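Enquirer: Sequence isn't available, so here's the structure alone:
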């Protein structure tokens, strides 16, 4: 059998190549269409966001102008009065949460037999420290000094000092003590050293 090709141009089976190219063109077309759809959606979303930002900026400008208008109408004296009232309310709350039981228990455990407490008055200073003023009366200065030393040993007071010492009409020594009250000092846990 003779196998010669007498055609001027050889025959190639190009169907498979055309099919692959057509499929590749369809894939490229589908990807392009998907990108165009996504781009249109993002453009619409961007426009919505720009509109929201514009609305928020307009609202913020309105609120700022309202706040400035309200600030101009405020009476500074009234604002200061409200601030003072709030400070007084906070001081009352601090007094309410102050543990009288703890303080008086501390005095009871440290008070010598010949010393009596006439008055106790706590107050909060500008720094928020609790200052306690105690007026005591004793027969001798050593008794009052013993009371001060015992209080200092409890570590519940800082800077406890005598501010005024007078002999009253009964011949007793009346001393005004003042110091920063730190509150009850927690006892160390058993076994901890």
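Expert: Great, that's in hand. Since this is a predicted model, take the numbers as computed values, not measurements.

Enquirer: after the longest helix belonging to the chain, next one along is what?
Expert: Ordering each helix of the chain by length in residues (DSSP state H) puts helix 15-73 first. On the C-terminal side of helix 15-73, the closest following helix or strand by DSSP states H and E is helix 76-97.

Enquirer: Can you tell me which helices and strands that next one packs against?
Expert: Counting contacts by 3 or more CB pairs under 8 Å, 6 or more residues apart in numbering; DSSP states H and E, helix 76-97 packs against strand 115-124. C-beta coordinates here come from the backbone N, C-alpha and C atoms, glycine included.

Enquirer: Next secondary structure after the strand it packs on?
Expert: Following strand 115-124 in sequence order, the next helix or strand is strand 130-138 (DSSP H and E).

Enquirer: partners of that next one in the sheet?
Expert: strand 115-124 (antiparallel), strand 173-181 (antiparallel) (DSSP bridges).

Enquirer: List of residues touching the worst-scoring helix or strand of the chain on mean pLDDT?
Expert: In the chain, no helix or strand scores lower on mean pLDDT, DSSP states H and E than helix 76-97, which sits at a mean of 78. Contact partners of helix 76-97, identified using CB atoms under 8 Å, 6 or more residues apart in numbering, comprise 122, 124, 130.

Enquirer: With residue 148 as the reference, measure out to the last one.
Expert: Just to be clear, that refers to residue 130. In this structure, residue 130 and residue 148 are 18 Å apart, going by CB to CB, to the nearest Å.

Enquirer: So for these two, which residue has more residues nearby?
Expert: Using other CB atoms under 10 Å, the more surrounded residue of residue 130 and residue 148 is residue 148, with 20 against 17.

Enquirer: Look up phi and psi at the more buried one.
Expert: phi -60, psi -40 (degrees, to the nearest 10).

Enquirer: which residues touch the nearest residue to it once chain neighbours are set aside?
Expert: Using CB to CB, 6 or more residues apart in numbering and skipping residues adjacent in sequence, the residue nearest residue 148 is residue 160, 6.0 Å away. Residue 160 makes contacts with 148, 151, 152, 177, 178, 179, as judged by CB under 8 Å, 6+ apart.

Enquirer: Would you mind checking these for buried ones?
Expert: Buried members of those, counted by 16 or more other CB atoms under 10 Å: 148, 151, 177, 178, 179.

Enquirer: still on that earlier bit, doesn't the residue nearest to residue 148 lie inside a strand?
Expert: Yes - per DSSP: H, G, I helix; E, B strand; the rest coil, residue 160 lies within a strand segment.

Enquirer: Got the confidence number for it?
Expert: You'll see residue 160 listed with a pLDDT of 85.
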